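1. Got a sequence here, can you build the structure:
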Amino acid sequence: MNLITTATAQGLMWGIMALGIFITYRILDLPDMTAEGSFPLGAAVCARLIINGVHPLLATGFAFIIGALAGSITGFLITKAKIPGLLAGILTMTGLYSINLRIMNRANLSLLGKDRITDFFKNFSLPNQFDTIFMGLIFVFLIILFLFLFFQTEFGQAIIATGDNEKMARSLGISTDHTKIVGLMLSNGIVASAGALIAQDNGYADISMGIGTIVIGLASVIIGEVIFGNLTFVNRLICVVLGAIIYRFIITFVLLIGLQPNDLKLISAIVLALFLALPSLRQRFNLNFFNKKEA
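-> Numbering: from 1, shown residues only. The predicted structure is shown next:
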């Protein structure tokens, strides 16, 4: 039971980060690597503010703003400097490493003994990890509600149109430069918020927190899409979070059968590769089976 609650709690927290990844990789159709820098940036900013006496909720909000600023830098490099999206994200991510070290003044910051959002739920004497689960559910609900309302607006629809067909969007009078920048800001703001929440849950912020963020986020998105298929927009967002939970269950199972934690990055890459290949393999299998049946 403890393993189930732990995997669920971690899945919800990482699911918030996956929602940010979903915006760039699925809505904007941009391969953005900024998340590997904005995730620890949110953790670093939040931890530093909490240590300085700022309320945890306010510190999390500041993490969102700073993460959005990081996304705007990538957006500027893509739209104004005309740097390819992948390279622009790598440049921002590389620069953020030094900024994160500047913010923390060391490789990690401890939050032990400091006020955190999870402390509010601990007052209810909940079972182990249930404080994280409730916190994750609340933030997942608020973010999905916000994204649903935002993408119902005219500007939100313009962002979707930009990702679907940029040339067509420009022909309709949409400023695709603005939509890309705002989309990247929103994505990295959510990713940074996830970093802030996970730092509070773990009790520390670490400079290496962002390593593998893209793989985890993409795995969550792909797993949700492969298992649950094509759904409405809100259901797709929910499935992204469910994909993150399923991913954490897969990782937990792999550790239970005896593999070492040092192998987690390799396992993550293999899981992502398998789920990316699954639709093609399934289609090929069905096609071969159909041909055999006709013969």
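
2. mind checking how far the residue lying closest to Arg116 once chain neighbours are set aside is from Leu112?
-> The shortest distance from Arg116 to any residue other than its chain neighbours is 4.2 Å, reached at Gln200 (CB to CB, 6 or more residues apart in numbering). Any C-beta I mention is one placed from the backbone N, CA and C, and that applies to glycine too. Distance of Gln200 to Leu112, computed by CB to CB, to the nearest Å: 11 Å.

3. ok, those two, which is more surrounded?
-> Gln200 (27 against 7; other CB atoms under 10 Å).

4. okay but the more buried one is in contact with Pro56, surely?
-> Yes. Under the criterion of CB atoms under 8 Å, Gln200 makes contact with Pro56 at 6.2 Å.

5. Where does pLDDT dip in the stretch 1-150 of the chain?
-> 1 (pLDDT under 70).

6. Can you list the residue ranges for helices in the chain?
-> 2-22, 35-51, 56-79, 85-104, 118-122, 130-150, 154-164, 166-171, 176-202, 213-228, 233-256, 264-294 (DSSP state H).

7. In CSV, list the ones you listed along with distance to Leu28.
-> Shown next, in CSV, are these (distance: least, CB to CB, whole Å):
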stretch, distance to Leu28
helix 2-22, 10
helix 35-51, 13
helix 56-79, 10
helix 85-104, 9
helix 118-122, 32
helix 130-150, 13
helix 154-164, 4
helix 166-171, 10
helix 176-202, 5
helix 213-228, 13
helix 233-256, 14
helix 264-294, 19
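
8. so what sits against both of Gln200 and Pro56?
-> 46, 50, 116-117 (CB atoms under 8 Å, 6 or more residues apart in numbering).

9. which one of those residues sits closest to Ala158?
-> Cys46 (31.0 Å; CB to CB).

10. Make sure the closest one is actually in contact with Ala63.
-> Yes. Taking contact to mean CB under 8 Å, the distance of 4.5 Å between Cys46 and Ala63 places them in contact.

11. Looking at those two, which is more packed in?
-> Neighbours per residue (other CB under 10 Å) separate Cys46 from Ala63, with Cys46 holding more: 33 against 30.

12. check contacts around the more buried one.
-> 56, 59-60, 62-63, 195-196, 199-200, 205.

13. so how many other residues sit close to the residue nearest to it when sequence neighbours are not counted?
-> Spatial nearest neighbour of Cys46, chain neighbours left out: Ala196 (3.5 Å); criterion: CB to CB, 6+ apart. Neighbour count for Ala196, taken as other CB under 10 Å: 32.

14. before we move on, back to that, Asp29 is nearest to which of the helices of the chain?
-> Closest among the helices of the chain, using CB to CB: helix 154-164, at 4.5 Å.

15. what angle do that closest one and helix 176-202 make?
-> Per axes from the mean of the first three to the mean of the last three CA atoms, to 10 degrees, the angle that helix 154-164 makes with helix 176-202 is 100 degrees.

16. Export helix 154-164 to PDB, keeping only CA atoms.
-> The C-alpha atoms that make up helix 154-164 are tabulated as PDB, following Å, rounded to 0.1, in the frame of the first residue of the first chain:
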ATOM      1  CA  GLU A 154      -9.200  33.800 -28.700                       C
ATOM      2  CA  PHE A 155      -5.500  34.100 -27.900                       C
ATOM      3  CA  GLY A 156      -5.400  30.500 -26.700                       C
ATOM      4  CA  GLN A 157      -7.000  29.300 -29.900                       C
ATOM      5  CA  ALA A 158      -4.400  31.300 -31.800                       C
ATOM      6  CA  ILE A 159      -1.600  29.400 -29.900                       C
ATOM      7  CA  ILE A 160      -3.300  26.100 -31.000                       C
ATOM      8  CA  ALA A 161      -3.600  27.300 -34.600                       C
ATOM      9  CA  THR A 162       0.100  28.200 -34.500                       C
ATOM     10  CA  GLY A 163       1.100  24.700 -33.500                       C
ATOM     11  CA  ASP A 164      -1.300  23.100 -36.000                       C
END
